[in-house]
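[1] Have a look; sequence and predicted model below, questions after that.
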Amino acid sequence: MRNRRLHKDTISLVKANGEIFTGVLAGVQPEMIVVHNPEMQIEPGDLIHREMSNGTLEIYVVLDPCFKEGRSLLPDRYEISVQKQS
């Protein structure tokens, strides 16, 4: 699957209401996270957790969850502007 090659990070989305989505494939960059899962509702203020292989937990706050409609070879996706908290 193409998403698995491009998105090598696994994240958890922690919603403001406490709901948690785990095992989400993503591409994590310093100020942006890309997620190809249009079924999830990602909103400002949600948290994204990424556990590193050394046990360190990175936490990001969602600033702008920009949803992009798929075109041609690119599927629907979120291009999420984030701020790292830890």
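    Nice, thanks for sending it over. Bear in mind that the values here come from a model prediction, so they are computed numbers and not experimental data. Numbers count the residues shown, from 1 in each chain.

[2] got a list of what the residue with the largest distance to the centre of the chain touches?
    Residue distances from the centre of the chain (C-alpha atoms, centre = their mean) peak at residue 72, which lies 22.0 Å from the mean C-alpha position. Contacts for residue 72 (C-beta atoms under 8 Å, 6 or more residues apart in numbering) come out as none. To be clear about C-beta, it is placed using only N, CA and C from the backbone, and glycine gets the same treatment.

[3] how near is it to residue 42?
    Relative to residue 42, residue 72 is positioned 23 Å away (C-beta to C-beta, to the nearest Å).

[4] Can you name the residues that contact residue 46?
    With contact taken as C-beta under 8 Å, 6+ apart, residue 46 is in contact with 13, 14, 15, 16, 61, 62, 65.

[5] same thing but 6 Å
    Residue 46 makes contact with 15, 62 under the criterion C-beta atoms under 6 Å, 6 or more residues apart in numbering.

[6] just how off-centre is the strand of greatest length in the chain within its chain?
    Secondary structure of the chain read by DSSP state E shows that its longest strand is strand 57-68. Taking C-alpha atoms, centre = their mean, to the nearest Å, one finds the center of strand 57-68 at 6 Å from the center of the full chain.
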